[in-house]
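> structure of the sequence below:
(one chain, ligands or ions: 1)
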Amino acid sequence: MTDSNHHQWDFEADLIIIGSGPAGMAAAIKAVDEGASVIVVDANYDIGGHAIISGGHMALGGGTSAQKKYNIPDSPDTVFADLTDWSVVQANGTPDFRYNDRALMRAFADHCATAFEFLLENGVEFADKAPDNQGASTTGNSAPRENHAIWTKGAGLESPNAANGTAVMRPLEASARKKGVRFLLNYKMTSLVREPSSESNPGHVIGVNTQYNPHIMPGQTEPLKSFRSEGNIDSTKSQVALRARKAVLVATGGSTSHLEFRRMFDPRLTAEVQVGGEPYSYQDASGELAGMAVGAALWGLQHQALENGATMRAQRALATKYNYTTWKLESPIFPLVKSTGFNVKDWQDVILVNQVGRRFYDETKGDPPHGNHGLQVAEYTHNDHRNTAKLGYTPHKYNFVHAALAMNEYSEAPDYAAGPQWAIFDADAVAREGWKVVPPYVDPDGYFFSANTLRELAAKIENEYQAKPMNGEILEATVARYNSFVDKGVDEEFAKPTPKYKIQTAPFYAAWGTVIVHDTRSGLRIDAKCRVVDMAGKLIPGLYCAGESAGGFNQHGMGRCVTQGYICGTDAARRPRQGDK
Ligand SMILES: Cc1cc2nc3c(=O)[nH]c(=O)nc-3n(C[C@H](O)[C@H](O)[C@H](O)COP(=O)(O)OP(=O)(O)OC[C@H]3O[C@@H](n4cnc5c(N)ncnc54)[C@H](O)[C@@H]3O)c2cc1C
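Model (predicted):
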């Protein structure tokens with residue numbers, strides 16, 4: 001079909017939503033509830049984004065039915081006061097809420113309880129227990145606001161990773177399909193289409209261009225298929241253009257997967273730093289770049305710096321490149337993941353070394369406390385500078401992530417990348433932990449090595465991010481020194497509490513354990529209705545953004561994404577149709 005400006009379109013709907021994560025799905029459902037037609041486009045083979053492999057913890061408060069049921073006092077005003085409180089800081093002094101955009105916080109505060117009820121109405125189930133503060137961060141201090149989705153409908157291929165986040169995304173998907181939302185999967189948005197613009201007559205965003213992006217796993221010939229198919233638009237055309245009669249929503253999840261983009265916020269986020277949520281879906285800044293190409297501004301950029309606790313995380317699973325999560329063998333994307341990896345039960349069983357072979361931290365410390373959340377500050381008073389002194393932890397100058405990404409002697413021009421971190425351990429540690437150190441539990445293709453001596457082990461470490469071979473002499477000296485700390489019962493270097501086990505029994509192992517970047521906290525500038533704002537501070541008509549791709553809101557996770565999706569789905573659906581004037 002062709003419009004009056006001679007644009008060729010393949011499909012059209014009132015609202016074209018790019019991204020089927022919690023922001024996109026909430027917007028899609030709310031918009032069809034409002035009577036709009038919707039097409040959701042996703043670059044992936046299935047819906048869900050990072051959320052479908054997430055932990056399913058949902059931070060929503062402000063007076064939800066769950067809070068009321070368990071007599072937890074909360075209100076929109078309390079949420080707003082919490083999320084704009086400048087006085088609370090993290091262990092390293094980074095303020096959680098000081099740079100939050102006040103208009104966005106007010107909009108969130110006013111809609112978050114409604115968004116919770118909206119999830120229930122659309123089939124999401126939460127554990128029937130009092131909301132708590134587990135699994136969230138940057139949710140504000142005054143009330144517990146964390147709800148936990150439960151998955152009662154079986155596991156397996158419905159979920160890329162048998163994660164609780166599936167209990168959020170599959171019900172939303174079922175509801176969206178039932179209500180008539182259409183899906184164009186395996187198509188990646190490559191650009192937004194905006195009408196010509198002048199100062200007096202800003203052009204509308206009227207559609208998107210997409211590129212076919214099938215997912216064929218190594219060793220297979222057929223592309224992966226989505227779990228559900230009703231409402232899917234069937235196409236294998238190489239390029240598809242979609243016309244948006246009312247608006248386009250960028251809900252692409254953020255920019256952490258784009259190396260150069262993320263380094264604009266913090267140059268230390270070099271290539272070895274992997275991304276939580278990959279390789280299921282990528283947050284590759286395509287939404288931000290497309291928005292910027294039609295004039296959009298960015299917002300809240302300091303939230304993305306490494307100092308901001310939960311933006312970065314310590315490794316959780318070793319011996320796999322995609323190391324935030326232990327993958328399931330039955331995952332449809334396992335051929336990409338390649339190994340399950342394994343979790344560490346006791347950090348006394350390993351030491352962590354940098355790419356040179358030196359320790360850099362007390363391994364037992366793991367993640368620093370990240371973000372602050374409900375009831376963490378005892379006798380909390382809004383905007384009282386003494387809150388910091390009442391935090392329930394001892395501030396320390398640097399944390400695991402800072403230590404891991406510190407410069408070291410292999411870090412050289414032009415990149416100055418700190419390089420990988422490796423967990424070093426021996427056969428006794430493997431026995432104590434019960435690890436299986438063969439594929440598919442480990443990835444021997446650059447992410448797991450073994451040898452009979454430490455020198456041989458260092459020489460074997462070949463990995464795409466390792467600048468030069470690890471220095472065997474240094475690794476031997478590191479282990480000898482650590483073993484002497486075990487004899488003395490004191491870690492004289494990093495004060496690991498009473499080092500317990502020597503690393504002494506061959507074979508010796510090196511397993512990938514590099515820190516990850518977890519969240520995007522900066523993105524396109526939006527107003528309280530999630531409408532995108534340009535570099536002159538003016539609205540770009542017909543363009544919305546929600547979720548991790550939107551800037552100005554420092555909070556981890558799905559709560560803000562769902563709420564912004566709800567706000568934007570409502571507003572976009574109520575716009576007049578373009579071309580119907
Ligand atoms: C392992 C893990 C555990 C987590 N646990 C929790 C938790 O317990 N609680 C919580 O609240 N949060 C959790 N999170 C964070 C949460 O998943 C994210 O905050 C949330 O999913 C972001 O939602 P979104 O809609 O902005 O983006 P996403 O969920 O990432 O969805 C974005 C979608 O856009 C698609 N896309 C991107 N670019 C394009 C393009 N150019 N064209 C078409 N499609 C595109 C992607 O394929 C993806 O499907 C977790 C994250 C991870 C990785």
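> now Gly62: how far from Thr381?
Taking Cβ to Cβ, to the nearest Å as the criterion, Gly62 is separated from Thr381 by 20 Å. Heads up, the C-betas are built off the backbone N, CA and C, glycines and all.
> and the residue of the stretch 151-300 of the chain that's closest to the ligand?
Relative to the ligand, the nearest point of the stretch 151-300 of the chain is Gly253 (2.7 Å; Cβ to the nearest ligand atom).
> might you report the residue contacts of Tyr212?
Residues in contact with Tyr212 (Cβ atoms under 8 Å, 6 or more residues apart in numbering) are 186-187, 235-240.
> where along the stretch 401-550 of the chain do the helices fall?
Read by DSSP state H, counting those that start in this stretch, the stretch 401-550 of the chain holds these helices, from start to end of the chain: 427-433, 454-460, 472-488.
> check contacts around the residue nearest to Thr270 when sequence neighbours are not counted.
If the residues on either side of it in the chain are set aside, Thr270 comes closest to Ala417, at 3.7 Å by Cβ to Cβ, 6 or more residues apart in numbering. Contacts were defined as Cβ under 8 Å, 6+ apart; by that measure Ala417 touches 270-272, 411, 465, 467.
> tell me which strands and helices the helix or strand harbouring Thr190 is in contact with?
Using DSSP states H and E, Thr190 sits in strand 187-194. For strand 187-194, the packing partners by 3 or more Cβ pairs under 8 Å, 6 or more residues apart in numbering; DSSP states H and E come out as strand 38-42, strand 205-212, strand 239-250, helix 286-293, strand 539-545.
> paired strands for the first one, with orientation please.
Pointing back at strand 38-42 there. strand 11-18 (parallel), strand 182-185 (parallel) (DSSP bridges).
> at contact distance from the ligand, anything in the shortest one?
No. Using Cβ under 6 Å from any ligand atom, strand 182-185 stays clear of the ligand, coming no nearer than 8.7 Å.
> who touches that strand?
Outside strand 182-185, the residues within contact range by Cβ under 8 Å, 6+ apart are 11, 13, 20, 37-42, 44-47, 177, 210, 226, 231-233, 235, 240, 242.
> do the longest one as well
The set of residues external to strand 11-18 that reach it, using Cβ under 8 Å, 6+ apart, is 1, 24, 27-28, 31, 36-42, 182, 184, 189, 207-208, 233, 240, 242-252, 287, 569, 572-573, 577.
> tell me the buried residues within those residues.
24, 27-28, 31, 36-42, 182, 184, 189, 207-208, 233, 240, 242-252, 287, 569, 572-573 (16 or more other Cβ atoms under 10 Å).
> quick check: residues of the stretch 1-150 of the chain near the ligand?
So the stretch 1-150 of the chain meets the ligand at 18-24, 41-44, 49-51, 53-59, 135 (Cβ under 6 Å from any ligand atom).
> which of those residues fall in helices?
Under the assignment DSSP state H, those contribute 22-24, 49-51 to helices.
> out of those, which is nearest to the ligand?
Ranking those by separation from the ligand, with Cβ to the nearest ligand atom as the measure, puts Gly49 on top at 2.1 Å.
> quick one: residues contacting the closest one.
Gly49 makes contact with 19-22, 24, 42, 169, 253, 277, 281 under the criterion Cβ under 8 Å, 6+ apart.
> tell me where the model's unsure across this structure.
Using pLDDT under 70 as the threshold, the predicted model of the chain has low-confidence ranges 153-157, 367-371, 383-386, 388, 392-400, 580-581.
> just give me the residue right at the centre of it.
By Cα atoms, centre = their mean, the chain has its centre lying nearest to Asp519, at 3.8 Å.
> from Tyr70, how far off is that residue?
Counting by Cβ to Cβ, the gap between Asp519 and Tyr70 amounts to 28 Å.
> again with Val337
38 Å.
> so for the two, which sits in the more crowded spot?
Neighbours were tallied for Val337 and for Tyr70 using other Cβ atoms under 10 Å; the higher tally belongs to Val337 (23 against 14).
> surely that one touches Asn323?
No. Counting by Cβ atoms under 8 Å, Val337 sits too far from Asn323 to count as a contact (10.2 Å).
> which residues do the two both contact?
Common contact partners of Val337 and Asn323 (Cβ under 8 Å, 6+ apart): none.
> tell me the buried residues in the longest helix seen in the chain?
Secondary structure of the chain per DSSP H: the longest helix is helix 102-121. For helix 102-121, the buried set under the neighbour-count rule, 16+ other Cβ under 10 Å, comprises 104-116, 118-119.
> mind listing what Ile566 touches?
Ile isn't right for residue 566; it's Tyr. The contact partners of Tyr566, taken as Cβ under 8 Å, 6+ apart, are 26-27, 30, 111, 114-115, 118.
> next one: Met189
18, 41, 43, 208-210, 252, 286-287, 290.
> now with 10 Å?
Shown in contact with Met189 (Cβ atoms under 10 Å, 6 or more residues apart in numbering): 16, 18-19, 41-43, 208-211, 213, 240, 242, 248, 250, 252, 286-287, 290.
> could you find the closest non-adjacent residue to it?
Ile18 (4.5 Å).
> what's the burial count for that neighbour?
By other Cβ under 10 Å, 29 other residues sit near Ile18.
> then Met217?
Neighbour number of Met217 under other Cβ under 10 Å is 15.
> thought Lys225 was touching it, still the case?
No. Taking contact to mean Cβ atoms under 10 Å, the distance of 11.6 Å between Met217 and Lys225 leaves them out of contact.
> where do the contact lists of those two overlap?
With contacts taken as Cβ under 10 Å, 6+ apart, the residues that reach both Met217 and Lys225 are 45, 332.
> grab the CA positions of stretch 240-259 and hand them over as CSV.
Taking only C-alpha atoms (Å, rounded to 0.1, in the frame of the first residue of the first chain), the coordinates of stretch 240-259 have been written out as CSV:
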residue,chain,number,x,y,z
VAL,A,240,9.2,-4.8,5.6
ALA,A,241,7.8,-1.3,6.2
LEU,A,242,5.1,-0.7,8.7
ARG,A,243,2.9,2.3,8.8
ALA,A,244,1.8,3.7,12.2
ARG,A,245,-1.5,5.5,11.9
LYS,A,246,-1.2,6.9,15.4
ALA,A,247,2.3,6.4,16.9
VAL,A,248,5.4,4.3,17.1
LEU,A,249,6.7,3.1,20.5
VAL,A,250,10.4,2.3,21.0
ALA,A,251,10.5,-0.4,23.6
THR,A,252,13.8,-2.0,22.5
GLY,A,253,15.2,-2.6,26.0
GLY,A,254,18.3,-0.3,26.0
SER,A,255,21.9,-0.1,24.9
THR,A,256,24.1,-2.4,26.9
SER,A,257,24.8,-4.7,24.0
HIS,A,258,26.3,-1.9,21.9
LEU,A,259,29.9,-1.6,22.8
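> next, count neighbours for Ala418.
25.
> for Tyr544, same thing?
The burial count assigned to Tyr544 is 32, neighbours taken as other Cβ under 10 Å.
> surely it touches Ile526?
Yes. Contact status for Tyr544 versus Ile526: in contact at 7.3 Å, counting by Cβ under 10 Å.
> mind listing the shared neighbours of these two?
Between them, Tyr544 and Ile526 share the contacting residues 250, 532, 550, 564, 567-568, judged by Cβ under 10 Å, 6+ apart.
> what remains of the residues you listed if I keep only buried residues?
By neighbour count, with 16+ other Cβ under 10 Å, the shared contacts of Tyr544 and Ile526 hold 250, 532, 550, 564, 567-568 as buried.
> of all these, which two lie farthest apart?
Checked with Cβ to Cβ, these reach their widest spread between Val250 and Ile567, with 14.3 Å between them.
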